[in-house]
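Trainee: only geometry, no sequence info:
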């Protein structure tokens, strides 16, 4: 991919200093100032500020500040190829279903060499192109307007205010059936937003075509409450995918930074959560083929502690797998997106797995990391300081540049671990 002067690509946890050159991009004082203003007094979870430097955290994705796009990619197991990690991250996001790509229109996407932001933009464009091709949905609405004939309900207040001189006119309210409604208003504002933030020349002409072909709408005040009151019907169910992406783009866009001089769009994902969801999705899909009798569930909660007053506290492991003739047996997995570098897991992580072992009556438990290190199996000590029979393993899954191969490797590794004797 050709180098983009206004794109900075970094890896999670990377430190970038002012005036440092990273892959051909110079991290200028003006970009640093933009990030300072975005950070504000309350801060954001995506990065931390230091003296003339920025350190990115475990969040990956894209932040667009003014005319600069900062792309944060994951980093694990010493793989540092930007193009490979970009494609792998896009495939991971698709796998966990952060957005729905199962619609027929998604098959035409060509995003392998684009950023995460380009992916969302292209997916939204493709969804809208499909909706326009099939025909946009009309809805009924009330329209107050001047009319040369008395058709509809006469509005006496506006009639007296506006038509005292022109008594041949009537200010009336009619019910019309057209393309002017809330859903289209949201889509239109999203298209206008794309025109401002898009930096991909290949998508510019399609955005321009959308602006020409989509019916112009009245302005809306975009906030979370606006989306909460939307109820899709049978006729508008096909709008769901486009609406989800429009919601993501519009609610994460901050146009008023520094009194309008700048703008910020942040589409970031917590890599720990993404890894957890990816492993779950891989096991859910691939174990169905490898071991049909196995049942995979995520975030299964049990009550853990109850105060005298108030709500109980719960424990909730990342993944539980049940198996056996009546699915009476189970194992518990906890995912961690980090590189152990040959060290043991933290005592906190091991204690957490001990509780899961005890409370869920698991045969064994394991911590699952990205990496190619040799799996290690250990046992918890008993009160008499002798090793007991409660087994806890530490497993690494080598990173594969093919997301399909990676999913299969995860399922095979976990299945082999379940079936091996302690």
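Mentor: Sure, I can see it. Here the structure is a predicted model, which is why all the values come from computation and not from measurement.
Trainee: which non-adjacent residue is nearest residue 34?
Mentor: The shortest distance from residue 34 to any non-neighbouring residue, by Cβ to Cβ, 6 or more residues apart in numbering, is to residue 65 (4.3 Å). (C-beta placed from N, C-alpha, C; glycine too.)
Trainee: Looks like the one you found contacts residue 38 (just checking).
Mentor: Yes: between residue 65 and residue 38 there is a contact under Cβ atoms under 8 Å: 6.3 Å.
Trainee: joint contacts of those two?
Mentor: residue 264 (Cβ atoms under 8 Å, 6 or more residues apart in numbering).
Trainee: ranges for the strands of the stretch 201-350 of the chain?
Mentor: 253-254, 264-270, 295-298, 302-305, 313-315, 319-323, 329-335 (DSSP state E, counting those that start in this stretch).
Trainee: worst average pLDDT in those?
Mentor: When the strands of the stretch 201-350 of the chain are compared by mean pLDDT, strand 253-254 comes last with a mean of 74.
Trainee: So what's the residue count around residue 307?
Mentor: Residues lying near residue 307 (other Cβ atoms under 10 Å) number 8.
Trainee: mind checking how far it is from residue 301?
Mentor: When distance is defined by Cβ to Cβ, to the nearest Å, residue 307 is 17 Å away from residue 301.
Trainee: Skip the chain neighbours and tell me the closest residue to residue 38.
Mentor: Here the residue nearest residue 38, using Cβ to Cβ, 6+ apart, is residue 264, at 5.0 Å.
Trainee: Make sure the one you found is actually in contact with residue 67.
Mentor: No: at 11.6 Å, residue 264 does not count as touching residue 67 under the criterion of Cβ under 8 Å.
Trainee: mind listing the helices for the stretch 301-422 of the chain?
Mentor: Taking DSSP state H, counting those that start in this stretch to define them, one finds helices in the stretch 301-422 of the chain at 347-359, 403-419.
Trainee: What is the burial count for the residue nearest to residue 34?
Mentor: Neighbour number of residue 65 under other Cβ under 10 Å is 23.
Trainee: now residue 84
Mentor: Neighbours of residue 84 under the rule other Cβ under 10 Å: 13.
Trainee: swap in the one 5 residues further on?
Mentor: Counted with other Cβ under 10 Å, the neighbours of residue 89 add up to 23.
Trainee: ok so, going back, can you tell me which of the helices of the stretch 301-422 of the chain is most buried?
Mentor: Ranked by mean neighbour count, the helices of the stretch 301-422 of the chain are led by helix 403-419 with a mean of 18 (mean count of other Cβ atoms under 10 Å).
Trainee: The residue nearest to residue 34 pairs with what?
Mentor: Bridge pairing for residue 65 (DSSP bridges) gives the partners residue 68, residue 264.
Trainee: quick one: it from residue 274, how far?
Mentor: Taking Cβ to Cβ, one finds residue 65 at 22 Å from residue 274.
Trainee: Spit out the contact partners of residue 304.
Mentor: Contacts for residue 304 (Cβ under 8 Å, 6+ apart) come out as 312-315, 355, 359.
Trainee: at 7 Å what do you get?
Mentor: Contact partners of residue 304, counting by Cβ atoms under 7 Å, 6 or more residues apart in numbering, are 313-315.
Trainee: Buried only: go through the residues you listed for me.
Mentor: Among the contacts of residue 304, those classed as buried by 16 or more other Cβ atoms under 10 Å are residue 315.
Trainee: Pipe the contacts of residue 304 into TSV and attach distance to residue 48 per row.
Mentor: Formatted as TSV, the contacts of residue 304 follow (distance: Cβ to Cβ, whole Å):
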residue	distance to residue 48
313	30
314	31
315	30
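Trainee: just curious, which of the contacts of residue 304 is nearest to residue 244?
Mentor: Of all the contacts of residue 304, residue 314 has the smallest distance to residue 244: 28.8 Å, by Cβ to Cβ.
Trainee: Same question for stretch 134-150: list its buried residues.
Mentor: For stretch 134-150, a neighbour-count test (16+ other Cβ under 10 Å) marks 136-137, 139 as buried.
Trainee: wait, stretch 238-252
Mentor: Buried residues in stretch 238-252, counted by 16+ other Cβ under 10 Å: 238-239, 241-250.
Trainee: One more: stretch 377-394?
Mentor: So stretch 377-394, judged by 16+ other Cβ under 10 Å, has buried residues 380, 390-394.
Trainee: so what strands line up beside the longest strand belonging to the chain?
Mentor: Ranked by residue count, the top strand of the chain under DSSP state E comes out as strand 387-397. Using DSSP bridges, the strands paired with strand 387-397 are strand 364-370 (parallel), strand 376-381 (antiparallel).
Trainee: Now distance to residue 149 too, for those, in CSV please.
Mentor: Below are these laid out as CSV (distance: least, Cβ to Cβ, whole Å):
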stretch, distance to residue 149
strand 364-370, 71
strand 376-381, 85
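Trainee: quick one: low-confidence ranges for the chain?
Mentor: Residue ranges of the chain with pLDDT under 70: 1-5, 77-80, 98-114, 254-262, 422.
Trainee: State the distance from residue 421 to residue 391.
Mentor: 10 Å.
Trainee: same thing with residue 155?
Mentor: Distance, residue 155 to residue 391, by Cβ to Cβ: 77 Å.
Trainee: Show me the domain layout of this protein.
Mentor: As assigned by automatic domain parsing, the chain contains the domains 7-135+182-270, 139-178, 291-304+312-419.
Trainee: Output the helices of the stretch 301-422 of the chain in a markdown table; the columns should cover distance to residue 371.
Mentor: Below are the helices of the stretch 301-422 of the chain laid out as a markdown table (distance: least, Cβ to Cβ, whole Å):
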| stretch | distance to residue 371 |
| --- | --- |
| helix 347-359 | 15 |
| helix 403-419 | 12 |
